[in-house]
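Enquirer: Build the 3D model from these lines:
(chains A, B, C and D)
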Number of protein chains: 2
Amino acid sequence: MTATRAEQRAATRRTLLDRGRLRFAADGYHDVALADVAQSAGVTKGAAYHHFGSKAGLFRSVVAEVQQEVGQRVAAAAARHDDPWEQLRAGCRAFLSTGSDPAVRRILLLDAPTVLGWDQWRAMDEQASARHLAEALKTLITSGTITEQPVEPLTRLLSGAMNEAALWLARSDDPEALTQTERALERLLDGLRPRSD
Amino acid sequence: MTATRAEQRAATRRTLLDRGRLRFAADGYHDVALADVAQSAGVTKGAAYHHFGSKAGLFRSVVAEVQQEVGQRVAAAAARHDDPWEQLRAGCRAFLSTGSDPAVRRILLLDAPTVLGWDQWRAMDEQASARHLAEALKTLITSGTITEQPVEPLTRLLSGAMNEAALWLARSDDPEALTQTERALERLLDGLRPRSD
DNA sequence: CAATTCACATACCGAGGGTATGTGAAACCG
DNA sequence: CGGTTTCACATACCCTCGGTATGTGAATTG
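Expert: As a prediction, this is how the structure comes out:
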């Protein structure tokens, strides 16, 4: 059972990421002691610092993984449609549901912007999921489905709307809240289409 | 110049709030040492704990004050119009500009939700400003200006959209970004009006 | 004027992030 | 195959900082 060093290293890193994700999601970044994460991973703080350099470094790696997952989930939902407008709607709906995962809610939507700083959070979010949104909007503008306009402000508005709504939905016990939010969001999106008059 | 005890107490409390607001806005909650706030206010930690019970307690009081200010600014902007639809637009535009104040940006929009917890932050935000938004939407629904629909999901979506946009605007150096965001937001709001077909 | 209140100051504790250094097994090299 | 080096951690330690327990002197009260 003598694992090679690289294997052992990778295994330790993976376990730290997994346990960190669990603890961060459950208690929030600032209420989690790095020593506890390490212990629950069967190692000590030394290992964590060796791999990630700091508590924030471990957190950043966890954030990156969770963001990748969310991005893929949204992209997969969109890919099941052909019409770009339907792709946008499907992606938005998929995102609204992601807040139900405590890791997404607590880590991505709540702690990440303050722990990593808003700029870095935005850059990572951009790369993982907001990029899809921006590209979808560009496509719809090119095809004339929505009015010609700058994409970035619109992306920020919609991204923020969905982030906050996802947070709210995760705390709401109204079973109709999700459907109602989807409908409200679609009404807002309708405003982007050229006026029929 | 022997101030009465009540006066001295009030003065100390006020200074702590002012200095705390400055420090929290500049460095963020977790990078601010309570002892530093106290020292910059000419007292020690003991005074701060006597008045606010904890570091989070001082922060909560600062948040409440800043939220009140924002709420009043938004309400004032809306009050300069008569038409409810124009009131909504004016309130939204006013809110988008508030992020330029570091106290609003860092304290209200970034730190408050994680430090106080999302539930408490939402409750305070509701009372200070989101309430205005919800009531404006209700009015517009009653008058038939926008389609009949549940108000709460829509409020969350719009509140989140404006929060995020305000954060982005505060970091953007594009002088046209504000106007563009206002226009995009108005397009989204247009989607709430009954379809003309 | 004595007793009491209270708005702080002072001293201290414990938790936790970070660092410097030790260590033993795997990898490398002749 | 034996010595050397590397490196993935463990151990011990420091320092900051939030919180608490207690002291104190001036304002207040009776």
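Enquirer: helix, strand or coil for the residue lying closest to A:R183 once chain neighbours are set aside?
Expert: Taking C-beta to C-beta, 6 or more residues apart in numbering or on different chains as the measure, A:R183 lies nearest to B:Q149, with 7.0 Å between them; neighbours along the chain are not counted. Every C-beta, even on glycine, is put in place using the N, C-alpha and C of the backbone. Under DSSP: H, G, I helix; E, B strand; the rest coil, the three-state class of B:Q149 is coil.
Enquirer: Kindly state the pLDDT recorded for B:Q149?
Expert: The confidence metric pLDDT takes the value 98 at B:Q149.
Enquirer: Pull the contacting residues for it.
Expert: Neighbour list for B:Q149: A:Q180, A:R183, A:A184, A:R187, B:I141, B:L192 [criterion: C-beta atoms under 8 Å, 6 or more residues apart in numbering or on different chains].
Enquirer: What parts of chain A come near DNA strand C?
Expert: Within chain A, the positions lying close to DNA strand C (C-beta under 7 Å from any atom of the strand) are A:2, A:4-6, A:32-35, A:45-46, A:49, A:54-56.
Enquirer: Just the buried ones from those residues?
Expert: Neighbour counting by 16 or more other C-beta atoms under 10 Å in any protein chain shown classes A:V32, A:L34, A:K55 among the residues of chain A next to DNA strand C as buried.
Enquirer: for these, which one is nearest DNA strand D?
Expert: Minimum distance to DNA strand D across those is 10.8 Å, recorded for A:L34 (C-beta to the nearest atom of the strand).
Enquirer: So that closest one is in contact with A:V43, correct?
Expert: No: in this structure, A:L34 is not within contact of A:V43 by C-beta atoms under 8 Å, at 11.0 Å.
Enquirer: Tell me where chain A has strands.
Expert: Read by DSSP state E, chain A holds no strands at all.
Enquirer: So, low pLDDT: which residues of it?
Expert: Along chain A, segments meeting pLDDT under 70 span A:1-2, A:196-197.
Enquirer: can we see that at 50?
Expert: When the per-residue scores of chain A are filtered using pLDDT under 50, the ranges that remain are A:1.
Enquirer: Where does chain A get nearest to DNA strand D, which residue?
Expert: For chain A, C-beta to the nearest atom of the strand, closest residue to DNA strand D: A:G46, 2.2 Å.
Enquirer: residues touching the most centrally placed residue in chain A, list them.
Expert: When chain A is reduced to its mean C-alpha position, the closest residue under C-alpha atoms, centre = their mean turns out to be A:Q67, at 4.1 Å. Going by C-beta under 8 Å, 6+ apart, A:Q67 touches A:L108, A:M124, A:D125, A:Q127, A:A128, A:S129.
Enquirer: Which of these has the largest number of neighbours?
Expert: Going through these with other C-beta atoms under 10 Å in any protein chain shown as the criterion, the one with the most neighbours is A:L108, at 27 neighbours.
Enquirer: check contacts around the nearest residue to that one once chain neighbours are set aside.
Expert: Counting by C-beta to C-beta, 6+ apart, A:L108 lies nearest to A:V66, which is 5.5 Å off, once chain neighbours are set aside. For A:V66, the contacting residues are A:R21, A:A103, A:V104, A:I107, A:L108, by C-beta under 8 Å, 6+ apart.
Enquirer: got a list of what the fourth one touches?
Expert: Right, A:I107. Here A:I107 is in contact with A:R21, A:F24, A:A25, A:Y29, A:F59, A:V62, A:V63, A:V66 (criterion: C-beta under 8 Å, 6+ apart).
Enquirer: how much space between it and chain B?
Expert: Using C-beta to the nearest C-beta, to the nearest Å, one obtains 11 Å as the distance from A:I107 to chain B.
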